[in-house]
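**Q** pasted the sequence and its predicted model underneath.
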Amino acid sequence: MSKPKSVDGVIRQKNKQKILTAAKQEFVTFGFKGASIKRIAERAGLPRANIHYYFENKEDLYQQLLNEILTLWNSSYDTLNSEHSAKESLTDYIRAKVMYSKDDPDASRIFASEIIHGAPQLQSYLSDEFKQWVLTKVAVIQGWIDDGQLNAVNPYHLLFLIWGATQHYADFNVQVTSAMDKEQLTEQDFEEVVASLTTIILTGCGIAIP
């Protein structure tokens, strides 16, 4: 007797997520070129044939992993909108980005590696969807500037500063922990990162911090 389709669907979704999680670990360790479908299957605890059931090849798997990372970044961690004040939005955005570096550093490292290598898999995204997303955020920041909520900073460079500062704690974690003489950063360390970056960035934009 066959299982209900809903059960099969849940199993497929769980298997696909297992594969994506294993692939994330593999791509972080070996990069795209060095990654192995065989090792990904072993990491996921699934037969290699299962990988090819869900993904055409390594490139398709890598592309879908990147898409999942970007979808999350542009939705769950997107608090920059004109519905809230500059102070509230930027404070929330900095916290969200720092905590993402804490909770899922591998995703940030995979994205950074892709960009460092010329973004071969993301050219279409960068020239279309990403560019449109950035333009909407630049417009929001410029609106805050025009409204007198921020100093007349360049909106692009403000975004770049936040991305670089927050993702540093994922992409360069080894450097950070070495400099701070720690084996790993604690929850309290990340709270201090949030507090420090929020103060530095907001005061630099002319927003008073109590």
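**A** Done, it's in.
**Q** all contacts plus neighbour counts: C-alpha atoms, from now on.
**A** Fine.
**Q** for Val153, helix, strand, or coil?
**A** Following DSSP: H, G, I helix; E, B strand; the rest coil, the label given to Val153 is coil.
**Q** which residues touch it?
**A** Applying Cα atoms under 8 Å, 6 or more residues apart in numbering, we find Val153 in contact with 145, 205.
**Q** at 10 Å what do you get?
**A** Val153 makes contact with 141-142, 145, 204-206 under the criterion Cα atoms under 10 Å, 6 or more residues apart in numbering.
**Q** try Phe32
**A** 23, 26, 58-59, 62, 110, 113-114.
**Q** quick check: the gap between it and Tyr62.
**A** Phe32 sits 8 Å away from Tyr62, going by Cα to Cα, to the nearest Å.
**Q** overlap in contacts of these two?
**A** Counting by Cα under 10 Å, 6+ apart, the common neighbours of Phe32 and Tyr62 are 23, 110.
**Q** what helix or strand is Asp78 located in?
**A** According to DSSP states H and E, Asp78 maps onto no helix or strand at all.
**Q** quick check: it vs Ala112, distance?
**A** The gap separating Asp78 from Ala112 is 19 Å, by Cα to Cα.
**Q** hey, where'd the helices end up in this protein?
**A** Using DSSP state H, the helices of the chain run over 5-34, 37-44, 48-54, 58-73, 86-103, 105-116, 123-127, 129-146, 155-171, 173-179, 187-204.
**Q** and those helices, which one's lowest on average pLDDT?
**A** Among the helices of the chain, helix 5-34 has the lowest mean pLDDT, at a mean of 86.
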